[in-house]
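Enquirer: Output the structure for:
(3 chains)
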Amino acid sequence: MNITVRVWRQKNADDKGRMVTYGVENVSEHMSFLEMLDVLNEQLTLAGDDPIAFDHDCREGICGMCGVVINGIAHGPEVTTTCQLHMRSFEDGAVIDVEPWRAGAFPVVKDLVVDRSAFDRIIQAGGYISAPTGSAPDAHAVPVPKDDADHAFDAATCIGCGACVAACPNGSAMLFTSAKITHLGLLPQGQPERESRVIGMVEQHDHEGFGSCTNIGECTSACPKGIPLDTIAQLNRDLLGALAHGKA
Amino acid sequence: MTTNVSEQFHAVGEDIHDTKAPAGPIERRWDERKFSTKLVNPANRRKLSVIVVGTGLAGASAAATLGEAGYHVKSFCYQDSPRRAHSIAAQGGINAAKNYRNDGDSIYRLFYDTVKGGDFRARESNVYRLAQVSVNIIDQCVAQGVPFAREYGGLLDNRSFGGVQVSRTFYARGQTGQQLLIGAYQALERQIAAGTVEMNTRHEMLELIMIDGKARGIIVRDMVSGEIETHTADAVVLATGGYGNVFFLSTNAMGCNVTATWRAHRKGAFFANPCYTQIHPTCIPVSGDYQSKLTLMSESLRNDGRIWVPKKAGDDRAPSDIPEDERDYYLERIYPAFGNLVPRDIASRAAKYQCDAGKGVGPGGLGVYLDFADAIARLGRHEVEAKYGNLFDMYAQITGENPYEQPMRIYPAVHYTMGGLWVDYDLQSNLEGLFVAGEANFSEHGANRLGASALMQGLADGYFVLPYTIANYLADGPYEKIDDSHPEVVAARTAVEERIEKFLSINGTRTVDSFHKELGQIMWDYCGMERTEEGLIKAISMIRDLKADFWSNVKVTGVNEELNQTLERAGRVADFFELGELMCIDALNRRESCGGHFRAESQTEDGEALRHDDEFAYVSAWEFGEEQPTLRKEPLEYEYVEMKSRSYK
Amino acid sequence: MAVSGLIMVAYLLAHMYGNLKAFAGPDSFNEYAHHLRTMLTPILPREGLLWIIRVVLLAAVLIHAYTAINLWRRNKKAAGYVGAKRYQTKQNKTGIQRSYASFTMRWGGVTIALFIVFHILNLTTNDIHPGGAADTPYGKLHNSFQSFWVLLAYTVAMIAVGFHLWHGFWSALTTLGQNYSAKRRDSFWNSAAIAIAALITIGFLAPPFAIYFFGLGG
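Expert: Predicted coordinates for the structure are as follows:
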């Protein structure tokens, strides 16, 4: 198949940036979306042009490094990561618009690459259980009900790709933040820091300039790992509880 | 002993005898070592600095633990966040000798299985320690909030993995690596917030700084600004993963590379057993020449799937049109006892032979069928879905085919590299102050790694071994402060800058990827599942030609002072050429078949791997030389496990 | 946002209940309006409770508007607009699943605010009296809805309220932590929001439509 891609090109953080149109011929439907970009980049390199910069690493949908907005949808038309999207999801002759995640807290570094370090800083603000190495009791010391463990796992599958922010009309990172709060808050090990965690992480979330959640639900629909929307309600419950206890 | 034909490519140096492991009963050795290590006064720790390169299981856990102890840690990764290191992709699980199943497991049994599984090419002392600390790892991870699978009673679930007779594998669905890494990452972020760890993301190590025989720092490139930075410390830890990407196509992440360890090797660190590569039999086959990576599917598929090819070469009928009596279930035929469950290397090689004989299926004839029709008939679709649903979905997502209706196609792919920088019992390389952890070191897996052991080793190194041994080294510090104007620092920086300048100035006609793909094909053809003397010699010469062409004809666009992904790849591929050559030399030297290394000349009448313990029971530690490498042998002795050959017939 | 919104929802339900008295006839309606002013007297002075409700309501409206404006500004910045647009593509402008209601929260809110001003001038103070001024509450009501334009303004506003509540009620409850479903469409409170939005819209539109088309009380 032959396709046209319109890609956001931006030399660096200071450049204004614009959409640039490229044709890609003989695209196989079995190619992944990123492999199609690889092919385009080989063309550009041989022509002496600057190849398109995009983040990617594992290419098996787990590292969370890749992610672009394709035709206005984070990670494109299938509910998966960009690296797991294949060209068979597009028609021959399609015009495909490719843009970086847009959010005030995710400044563009170059082309389709954005800076997501704000996510790390949210984790630093409490997204952990303080368990210094060597201090752990036997793993069977505290049984965890299977349901709690399973739900914690569901929330823990977040890959930190940032699609939720890119999809959210408010540029909010509530789903990312709430996934961690739910993961750790459901486990007995996470209880001692449960209230300080939610206060710290939400404060940092706001401080980074992410928007506020208005419960639209685009985040969970775009999430390649299907992080459930009720994690956000869980965050709100924890937050209200912490505030009620005067933890702010 | 006759002269080895490999010696036209290398010299032979003195054997290595001291690995610093204490003598005495094996179960006491780690305690002895811990007791004999020097301690550092907590008040002095913040004056001591450690550089940790890589943030996978080994790197993140080491950096977090050293930070908790109070050392000043500088951590580096090439990704945009430490959470993305490729440990995250490990699916299966992590072994630990907890014996929660009461099924006869013990530290000794895990030790025994690992030494045997490694085909008697790993050190007994190290493997025993690995088995000992395995139990602490699970405790640690649970305390951090890793959501391992649990039973209804709330206790941890276990499964048996990779044909082992006991259930000692802890898992978190098919995402164990992800959950363990996130645990380590969170511990690391906690230390970053506490100010003990200074994190540098999007920084790639390009050189090691050696001063007065000690590793004292690294040169890194800020991948966003292109700035070349110098970082010095009292010790350096490399936890930079494996080098499977020398094959271009592998299950590694796109960015995985050998540069950090290779640069250290060029500065004098021994590179051990580079030829030991693990090839995983159940990967999704290549679909075209644009293929950028291969995806692994859990080996558990072989529990119920039946592997077959058409009996007739070149049979291109749809699988459903091939009648039962025209199918060859070759593993069941050749290995009636184990059938489809033969070890990874045997299953991989058998698939290769079928495809070499023209019986392969799918694009390019590089694939064999993995058929669940019988399993679905026997267990019902529902049960098959419950067991393998996520794997089937993954297959369907990638191939666009429905594995419930037509057999899957699978083909082997490079998955893990057992070789790496040589380290002693303290995980210190032969260079003082340079420690190596995780897949980056030559590890406890010998010639072959057992399933669910990689995660165990990475975390053992980072949480429980390095923090002790590195403290012992740091106790003699702080070492003399290094100024950026020190001649060795300046020399290292200049070398990096000149190399970058060189890449950007060649302006040839071929892309970096085209060279990488060609190198990968050479490695796969001649240094892959089956190696021969003739092929390896040919490969060495092909690699040398290709490398020369690369340095005169590669095209790297853009400038250094920007995010330049082509430039990043060029540096990595340049090092892969040199590593590839060393792998071939190592494979040529090792005229035996063991674990992940199969020499066609060394097999039994039945085509099984044939070890030569009399000649090759040693670790091949290679010393870098501009002209040619030097082989340093570290003899392996087995006091506890009797050397036996394996049989799966 | 959530709490002030819910206060207004509670008020609307009570208000709607009063409006439906119109079907019970002018006396019933007028008496109800009168009763509102004398409720809890003599504990409170006449219109005492009404003024308390008015003050609470006004506070809710002001808080709601203030937080909305803050949210609007902050979220626009957070969304990382490039010029006037966030994403340059013309495809999938409406996202993956988001409802029309969630799109119209802001302008819908403004529409409703403007309507409230008109509504108070019309039916409370009766400064605007398209169908002629009247003395009784029922008279004001009856006269106003003789005019097609009043009916139209009222209809548009009530549909806006419906959309606003469809998203707003759900959103308020989930902000207060009351959602236990992985997907919005499966949540009890999403269904409840649809029901409340429909109830309020229909409940408020029933009397005017009855007056205009069926000559209720005529």
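Enquirer: Tell me how chain A divides into domains.
Expert: Following the assignment in automatic domain parsing, chain A carries domains at A:3-109, A:117-244.
Enquirer: now those in JSON lines, with mean neighbour count and distance to B:Phe76?
Expert: In this view, the C-beta of every residue, glycine as well, is placed from N, C-alpha and C. Formatted as JSON lines, the domains of chain A follow (neighbours: other CB atoms under 10 Å in any protein chain shown; distance: least, CB to CB, whole Å):
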{"stretch": "domain A:3-109", "mean neighbour count": "20", "distance to B:Phe76": "16"}
{"stretch": "domain A:117-244", "mean neighbour count": "22", "distance to B:Phe76": "14"}
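Enquirer: closest one to chain B among these?
Expert: Evaluated over these, closeness to chain B peaks at domain A:117-244, with 3.0 Å, by CB to the nearest CB.
Enquirer: Quick one: end-to-end distance for the closest one.
Expert: 31 Å (CA to CA, to the nearest Å).
Enquirer: what's the average pLDDT for it?
Expert: Mean per-residue pLDDT for domain A:117-244: 97.
Enquirer: Stretch A:39-57 now?
Expert: For stretch A:39-57, mean pLDDT rounds to 97.
Enquirer: hmm, back to that, between the domains of chain A, which one is closest to B:Leu636.
Expert: domain A:117-244 (30.7 Å; CB to CB).
Enquirer: Tell me which residues touch the residue in the stretch 451-600 of chain B that chain C sits nearest to, please.
Expert: For the stretch 451-600 of chain B, the residue closest to chain C is B:Leu563, as judged by CB to the nearest CB, at 18.8 Å. By CB atoms under 8 Å, 6 or more residues apart in numbering or on different chains, the contact set of B:Leu563 is A:Asn12, A:Ala53, A:Val109, A:Lys110, A:Val113, B:Met223, B:Val224.
Enquirer: Now compare those and name the two farthest from each other.
Expert: The span of the contacts of B:Leu563, defined through CB to CB, is set by A:Asn12 and B:Met223 at 12.8 Å.
Enquirer: where do the helices sit along chain C?
Expert: Counting by DSSP state H, chain C has these helices, from start to end: C:2-20, C:26-38, C:48-78, C:100-103, C:105-119, C:137-144, C:148-175, C:188-214.
Enquirer: mind checking which of the ones you listed is nearest B:Ile500?
Expert: That would be, of the helices of chain C and by CB to CB, helix C:48-78, which comes in at 37.6 Å.
Enquirer: packing partners for the helix or strand hosting B:His516?
Expert: Assigned by DSSP states H and E, B:His516 belongs to helix B:512-526. Applying 3 or more CB pairs under 8 Å, 6 or more residues apart in numbering or on different chains; DSSP states H and E, one finds that helix B:512-526 contacts helix A:33-46, helix B:533-553, strand B:554-555, helix B:565-589.
Enquirer: Which residue, neighbours along the chain excluded, lies closest to the residue positioned nearest the centre of chain C?
Expert: Taking CA atoms, centre = their mean as the criterion, C:Val161 is the residue nearest the geometric centre of chain C, at 4.5 Å. Using CB to CB, 6 or more residues apart in numbering or on different chains and skipping the chain neighbours, the partner closest in space to C:Val161 is C:Ile112 (5.8 Å).
Enquirer: Thought C:Phe163 was touching the one you found, still the case?
Expert: No. Look at C:Ile112 against C:Phe163 with CB atoms under 8 Å: they stay out of range, at 9.7 Å.
Enquirer: quick one, which of these two is more surrounded?
Expert: Of the pair C:Ile112 and C:Phe163, C:Phe163 is the one with more neighbours under other CB atoms under 10 Å in any protein chain shown, namely 22 against 18.
Enquirer: so how far is A:Gly209 from the more buried one?
Expert: Remark: distance between C:Phe163 and A:Gly209 (CB to CB, to the nearest Å) = 29 Å.
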